[in-house]
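1. Fold the following.
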Amino acid sequence: MAVETDTRTAPALVEDTEALVRYAVASGMLAPEDETWAYNAVLECVGATGPGAPHAAELLADQYAIAPTRDLGVDESVTMFELPDCEGFDLEAAIERVAAAGVAAGRDEDTPSGRDRIATRVMDILMPRPSEVSNMFAELYDEEGPEAATDWFYRLCCDARYVRTAAIAKNIAWTSPTSWGDLEITINLSKPEKDPKAIAAAGAAPATGDVYPACQLCMENEGYRGRGAGEAHGSHPARQNLRIVPVTLGDEHWGLQYSPYAYFNEHCIAMSAEHRLMHVDRENMGRLLDFVDLFPHYFVGSNADLPIVGGSILSHDHFQGGRHVFPMMKAPVENAFELAGYPAVSCGVVRWPLSVLKLTSTDREQLLDAAAHVLDVWRGWTDEAAGVIAESDGEAHNTITPVARREGDGYVLYLALRCNIATEEHPLGVFHPHAEWHHIKKENIGLIEVMGLAILPPRLVEELGAVERMLVEHVGEPEALAVALDTDPLTASHAAWARELAAAHPEVSAENVEEIVRGGVSDVFGHVLEDAGVYKWDDAGRAGLKRFIDAL
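-> Okay, the predicted model is just below:
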C-alpha cells in the first residue's frame with residue numbers, strides 16, 4: 001500500500017508543486033481557474049496530503065469572484081500563485097524532485113522508468129486534455145493556417161516535456177564538408193545503439209493481440225502509463241503526456257505527433273490508426289503528398305518497408321517529417337531524363353551517394369503514377385553485375401525510400417533505390433554499412449540518414465575522446481600511437497582509422513584535434529552512404545543506373 005507524505009513535513013514538495021502549477025499557467029497549458037484542482041491532483045499523484053499552498057487563502061476569494069477566462073492568455077488577477085519568470089524556471093529539476101517524492105511515497109518503483117512514469121503523469125495533469133488540443137489545433141489551422149497550428153502544437157509538446165528538450169540538448173552535433181557536400185552528424189545520447197539483426201527480428205512481425213499497446217507508435221499510447229522491464233511484455237515508455245492530433249491521409253484516420261527524442265527541428269511522426277506493417281506503394285506515396293498538402297512547410301518521408309534497409313520500427317505504418325532541409329535536398333541533379341508516358345513529370349538523378357531519383361511536377365496524379373512505375377520496375381529489377389537481386393527463395397529484396405516536399409505550386413518526390421540482399425561476405429547486407437565502418441556506424445541506414453543526417457551511438461563520446469587524446473599525445477610517433485590505440489579498449493576498434501587520420505594530419509594538435517576527428521567521422525558517414533547506394537559513382541555504377549533508367 002502506498003505511503004502518503006504529509007505536506008506539512010515536506011515544504012520543498014509544496015514549493016515545487018506550486019512552481020509547476022505556476023509554470024503550466026504561464027506557459028498557457030493550464031487555465032488559471034484550474035490551478036487549485038491541478039495543485040491537489042499533483043499532490044495526490046505523488047502520494048502527498050496536507051494543507052493547501054501557503055499563498056492560497058488570500059487569493060482563492062478573488063479567483064472565484066471573477067468569471068472564468070477562456071482565452072489562452074494569462075490573467076494575473078485570477079491566478080492562485082504569483083507568476084514566475086518562466087525563463088529562469090528549471091523544469092527538469094523541479095519535476096525530478098516531485099517524482100522522487102512520489103517514489104518515496106511508494107507510487108512507483110525506484111528506477112529511472114519508475115520515476116519517469118510519475119514525472120510524465122504529473123505533466124499530464126498540467127496540460128490540456130486531448131480533445132482540447134485537437135480543437136485548438138483545428139481552430140488555429142482554420143483561422144491562421146498550418147504553420148500557426150504546428151507552431152502552437154510543437155511548443156505545447158516541448159512545454160509539456162513530451163519532446164525531451166533537456167535530453168536533446170545534450171546530444172552532440174556538427175556539420176562537416178565532404179565530397180558529398182556538408183553532411184550533418186549527431187551523436188545521440190538519449191538512445192542506445194541497436195543491433196541490425198535485432199531490428200530485423202523484432203520489427204518486421206506484427207505484435208500479438210495480447211500486447212497493449214501493440215507498439216510504441218500505436219495511438220493507444222496516448223495517456224498510457226507505461227510499464228517496467230519486470231512487467232508483462234517488458235518495458236514500455238510512459239506516454240501520459242502524449243497528445244496526438246487527428247489528420248486524414250488517403251481517406252484514412254492517421255495521427256500527428258512529435259518525436260520525444262527529435263533528430264531535427266520539429267521532428268514529427270504521422271502514424272496510421274491501424275497497427276499494420278509498413279508498406280511502400282502508390283497508396284502511401286499518395287498519403288505523403290496529402291501530408292505536404294496539409295503542411296506545406298514540412299517535408300515528409302517513409303522508411304523502406306524491408307529489413308536492413310528499413311528503419312527500426314517496421315511493424316507500424318508511419319511517416320516522419322518536420323521543418324528541416326537535409327543535405328540530400330541541397331544536392332544538385334547530375335543528369336535529367338524523361339519518362340515516356342509521363343510528360344508532366346521532370347526527372348533527374350541526384351548527385352548523392354545513394355541512388356536517388358528526383359521527380360518533380362505540378363500534376364499530382366501523374367507524379368504518383370510515375371513514382372509507382374519506378375517502384376514497380378525496381379521491385380522486379382535484377383542486375384547481377386551490380387549485385388542487385390530482386391528476389392531469392394521467395395523473399396523480395398528491392399524497395400524504395402520515398403521523401404516528399406512542396407516546391408512552390410509543385411511537388412517533389414525523392415525516390416532512393418534500396419536493396420537488402422545479404423551475402424556471406426556481407427551478412428548484414430551488401431548495401432548496408434560495411435564492416436570496416438562499424439566502429440562508427442553499424443545500425444540500419446533509414447530515412448533520416450538517407451537524407452544526410454547521421455545518428456551515431458552514445459558510446460562514441462568516450463571512444464572518440466580517447467582517440468583525440470592519443471593523437472595529441474603521440475604526435476610524430478606512429479609506432480607508439482599504434483600500440484596505444486590497439487591496447488586501449490576504448491580505441492581498439494578505431495585503431496586503423498585513427499592511424500590514417502594521424503598520417504593525413506601531421507599538424508594535429510590539442511587545438512585542432514576535435515575538428516580533425518569530427519571531419520574523419522563525417523568522411524566515414526559519407527562512405528557508409530556510399531555502401532548503401534546500389535549504383536556507385538564509378539563507370540560501372542553509372543552504366544548500371546542507365547540500364548535501369550532505360551528500362552523505365
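2. use CA for all of it now, contacts and neighbours both
-> Will do.
3. tell me the contacts of Ala149?
-> Going by Cα atoms under 8 Å, 6 or more residues apart in numbering, Ala149 touches Phe137, Ala138, Leu140, Tyr141.
4. what helix or strand is the third one on?
-> Remark: Leu140 resides in helix 130-144, with elements defined by DSSP states H and E.
5. All the helices of the stretch 351-500 of the chain, residue numbers only.
-> For the stretch 351-500 of the chain, applying DSSP state H, counting those that start in this stretch gives helices covering 364-379, 447-450, 459-473, 478-487, 495-504.
6. Touching the last one from outside, list them.
-> Applying Cα under 8 Å, 6+ apart, the set of residues contacting helix 495-504 from outside is Val467, Leu471, Val475, Pro478, Leu481, Ala482, Leu485, Asp486, Val508, Ile516, Val517, Gly520.
7. Kindly provide the distance from Asp16 to Ser493.
-> Counting by Cα to Cα, to the nearest Å, the separation of Asp16 from Ser493 is 46 Å.
8. Check Ser509 too.
-> Counting by Cα to Cα, the gap from Ser509 to Ser493 is 22 Å.
9. returning to that earlier point: now, which of the contacts of Ala149 sits nearest Asn171?
-> For the contacts of Ala149, the residue nearest Asn171 by Cα to Cα is Phe137; the value is 29.8 Å.
10. Test my guess that that closest one contacts Asp151.
-> No: between Phe137 and Asp151 there is no contact under Cα atoms under 8 Å: 9.7 Å.
11. about what we covered before: what's the distance between the helix or strand following the helix holding Leu140 and the middle of its chain?
-> For helix 130-144, the following helix or strand on the C-terminal side (DSSP H and E) is helix 146-159. Counting by Cα atoms, centre = their mean, to the nearest Å, helix 146-159 is centred 17 Å from the centre of its parent chain.
12. what sits against the closest residue in space to His432 that isn't next to it in sequence?
-> Take His432 and drop its neighbours on the chain: the residue closest to it by Cα to Cα, 6 or more residues apart in numbering is Ala532, 5.2 Å away. Going by Cα under 8 Å, 6+ apart, Ala532 touches Pro353, Leu354, Arg418, Val430, Phe431, His432, Pro433, Ile445.
13. can you do 10 Å?
-> Going by Cα atoms under 10 Å, 6 or more residues apart in numbering, Ala532 touches 309, 353-355, 416-420, 429-434, 444-445, 450, 526.
14. For Glu35, see how far away it is.
-> The spacing between Ala532 and Glu35, counted by Cα to Cα, is 54 Å.
15. next one: Ala344
-> Relative to Glu35, Ala344 is positioned 58 Å away (Cα to Cα).
16. who's more crowded, these two?
-> Glu35 (23 against 16; other Cα atoms under 10 Å).
17. Checking the more buried one next. Helix, strand or coil?
-> In three-state terms, and counting by DSSP: H, G, I helix; E, B strand; the rest coil, Glu35 is helix.
18. rewinding a little: let's have the contacts of helix 495-504 in JSON lines, adding pLDDT, distance to Asn303 and neighbour count.
-> Converted to JSON lines, the contacts of helix 495-504 look like this (pLDDT from 0 to 100; distance: Cα to Cα, whole Å; neighbours: other Cα atoms under 10 Å):
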{"residue": "Val467", "pLDDT": "98", "distance to Asn303": "34", "neighbour count": "27"}
{"residue": "Leu471", "pLDDT": "98", "distance to Asn303": "38", "neighbour count": "26"}
{"residue": "Val475", "pLDDT": "95", "distance to Asn303": "44", "neighbour count": "17"}
{"residue": "Pro478", "pLDDT": "95", "distance to Asn303": "43", "neighbour count": "14"}
{"residue": "Leu481", "pLDDT": "97", "distance to Asn303": "41", "neighbour count": "21"}
{"residue": "Ala482", "pLDDT": "97", "distance to Asn303": "40", "neighbour count": "17"}
{"residue": "Leu485", "pLDDT": "97", "distance to Asn303": "37", "neighbour count": "23"}
{"residue": "Asp486", "pLDDT": "97", "distance to Asn303": "38", "neighbour count": "15"}
{"residue": "Val508", "pLDDT": "96", "distance to Asn303": "39", "neighbour count": "22"}
{"residue": "Ile516", "pLDDT": "97", "distance to Asn303": "32", "neighbour count": "19"}
{"residue": "Val517", "pLDDT": "98", "distance to Asn303": "30", "neighbour count": "20"}
{"residue": "Gly520", "pLDDT": "98", "distance to Asn303": "27", "neighbour count": "18"}
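19. Report the buried residues of stretch 15-24.
-> Asp16, Thr17, Glu18, Ala19, Leu20, Val21, Arg22, Tyr23, Ala24 (16 or more other Cα atoms under 10 Å).
20. which helices and strands sit right next to the helix or strand harbouring the first one?
-> When secondary structure is defined using DSSP H and E, the element that contains Asp16 is helix 11-26. In terms of contacts (3 or more Cα pairs under 10 Å, 6 or more residues apart in numbering; DSSP states H and E), helix 11-26 is packed against helix 35-45, helix 91-104, helix 112-125.
21. What ranges in this protein fall below the confidence cut-off?
-> Within the chain, the segments meeting pLDDT under 70 span 1-9, 50-87, 191-209.
22. what about the longest helix along it, distance to the chain center?
-> When the chain is parsed with DSSP state H, its longest helix is helix 513-532. For helix 513-532, the separation from the chain centroid amounts to 21 Å (computed by Cα atoms, centre = their mean).
23. then stretch 412-426 to PDB, C-alphas only?
-> Extracted in PDB, the C-alpha atoms of stretch 412-426 (Å, rounded to 0.1, in the frame of the first residue of the first chain):
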ATOM      1  CA  VAL A 412       8.900  16.800 -55.300                       C
ATOM      2  CA  LEU A 413       9.300  13.100 -54.700                       C
ATOM      3  CA  TYR A 414      12.800  11.800 -54.000                       C
ATOM      4  CA  LEU A 415      13.000   8.000 -54.600                       C
ATOM      5  CA  ALA A 416      16.100   6.300 -53.100                       C
ATOM      6  CA  LEU A 417      16.600   2.800 -54.600                       C
ATOM      7  CA  ARG A 418      17.200   0.200 -51.900                       C
ATOM      8  CA  CYS A 419      18.100  -3.500 -52.000                       C
ATOM      9  CA  ASN A 420      18.500  -5.600 -48.800                       C
ATOM     10  CA  ILE A 421      20.300  -8.600 -50.400                       C
ATOM     11  CA  ALA A 422      22.900 -10.200 -48.000                       C
ATOM     12  CA  THR A 423      25.900 -12.500 -48.800                       C
ATOM     13  CA  GLU A 424      28.500 -14.400 -46.900                       C
ATOM     14  CA  GLU A 425      30.900 -11.500 -47.400                       C
ATOM     15  CA  HIS A 426      28.300  -9.000 -46.100                       C
END
